[in-house]
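J.: All I have is the shape, not the residue letters:
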């Protein structure tokens, strides 16, 4: 039975990997300028390629497709971390207010700076919207970590995180109400999410941050399996719950905070994808669920990117349209999803 189950899992992993690669190549060929499979294959294999097609693929589409893969993997992994930590099927990567902190940072950059008359300050220009979002996410993380040192009940931390998110949301609404039309439009466009705003220079920061978060995630896979049975049981098995909790919080912030900073608040990937991975692989082992969720997250965002090019819609609307039915179906089909 174990060998049959392992064979089935390997087949599913192989199929998912093939789907991700196929979607990645399709993402390189799709767009307003028609580029065929031959040009993409020639470029990837080092063969001759038209200079114009090469520039379009390398400087625009390749970066965007890579960001879609990394963002999908990050959000799915962060969602699974939060669902396991809080033992709540409706927990997502932004449940601690990390996304709200990023939104406040961007709101202060795009909305608050013009109100104070310092929009063109050299320091603000060097930080940028992504840097402001990172600072906002980091401040929320530090607040949550400071509280978690004194609070043992993880559900209290969840409630406090939601309260932080609500308070920050109120501040953002005040800034929106007081801002001019141009600044408000820029902020609203940011909240819709985008995979195409990351430049090659920003990618040099994006990739290491995501890699660090992924490294911490894979370092806590075994502790995550123990946390499924409750923190009390995990302590009796010798797990340092406080240290594990800190690692999970840092990993979640690195993954979801980085994606939010560079791509905007992309929703429902982290909430829906882990459930889909559980259904496909029929396993609660995070050594299986984590890579499965990351592959499914990458596939989901690549599909959303392909659809956004054809329909000219923000990626956030497409992730919601794809993610909400998955969550509703899973909840209705099986109540015991965690």
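T.: It's in. Model, not experiment: these values are computed from the prediction.

J.: okay, now the closest residue to residue 164 other than its chain neighbours: neighbour count?
T.: On the basis of C-beta to C-beta, 6 or more residues apart in numbering, the spatially nearest residue to residue 164 that is not a chain neighbour turns out to be residue 97, at 3.9 Å. C-beta coordinates here come from the backbone N, C-alpha and C atoms, glycine included. If you count neighbours by other C-beta atoms under 10 Å, residue 97 ends up with 26.

J.: Touching, residue 97 and residue 165? I think so.
T.: Yes - counting by C-beta atoms under 8 Å, residue 97 sits close enough to residue 165 to count as a contact (3.5 Å).

J.: tell me the mean pLDDT over stretch 229-249?
T.: Stretch 229-249 comes out with an average pLDDT of 85.

J.: Centroid-nearest residue for this structure?
T.: Taking C-alpha atoms, centre = their mean, the centroid of the chain lies closest to residue 75, which sits 2.5 Å from it.

J.: Model confidence score at it, please.
T.: 94.

J.: ditto for residue 159
T.: Listed pLDDT for residue 159 reads 80.

J.: likewise the one 4 residues further on?
T.: Here the pLDDT value assigned to residue 163 is 83.

J.: Burial check on it, number of neighbours?
T.: Residues contacting residue 163 under the criterion other C-beta under 10 Å number 11.

J.: what do you get for residue 148?
T.: When counting by other C-beta under 10 Å, one arrives at 19 neighbours for residue 148.

J.: The closest residue to it other than its chain neighbours: helix or strand, and which one exactly?
T.: Using C-beta to C-beta, 6+ apart and skipping the chain neighbours, the partner closest in space to residue 148 is residue 157 (5.5 Å). Counting by DSSP states H and E, the element that carries residue 157 is helix 154-178.

J.: any idea which helix or strand comes after that helix?
T.: Secondary structure here is assigned by DSSP H and E; on that basis, the next helix or strand after helix 154-178 toward the C-terminus is helix 181-191.

J.: quick check: angle from that next one to helix 154-178?
T.: Here helix 181-191 runs at 150 degrees with respect to helix 154-178, directions being taken by axes from the mean of the first three to the mean of the last three C-alpha atoms, to 10 degrees.

J.: Which elements pack onto helix 181-191?
T.: In terms of contact count using 3 or more C-beta pairs under 8 Å, 6 or more residues apart in numbering; DSSP states H and E, helix 181-191 is assigned the packing partners helix 98-107.

J.: same question for the helix it packs on, mean pLDDT?
T.: For helix 98-107, mean pLDDT is 82.

J.: pretty sure the residue nearest to the centre of the chain contacts residue 272?
T.: No - taking contact to mean C-beta under 8 Å, the distance of 9.9 Å between residue 75 and residue 272 leaves them out of contact.

J.: which SSE is the residue nearest to the centre of the chain in?
T.: With elements delineated by DSSP H and E, residue 75 resides in helix 62-86, which encompasses its position.

J.: Ok, residue 267 next?
T.: According to DSSP H and E, residue 267 maps onto no helix or strand at all.

J.: One more: residue 55?
T.: Take DSSP H and E as the rule and residue 55 turns out to sit in helix 51-56.

J.: Could you check that helix and say which residues are buried?
T.: Residues of helix 51-56 classed as buried under the neighbour-count rule (16 or more other C-beta atoms under 10 Å) are 53, 56.

J.: Let's test this: mean pLDDT of it, rounded?
T.: Within the predicted structure, the mean pLDDT of helix 51-56 is 73.

J.: I'd like to know which elements that helix is packed against.
T.: Using 3+ C-beta pairs under 8 Å, 6+ apart as the contact criterion, the elements in contact with helix 51-56 are helix 37-44.

J.: circling back: relative orientation of the helix holding residue 75 and helix 154-178 in degrees?
T.: Here helix 62-86 runs at 130 degrees with respect to helix 154-178, directions being taken by the same axes, to 10 degrees.

J.: how much does helix 62-86 deviate in direction from helix 98-107?
T.: Using the same axes, to 10 degrees: helix 62-86 against helix 98-107 is 130 degrees.
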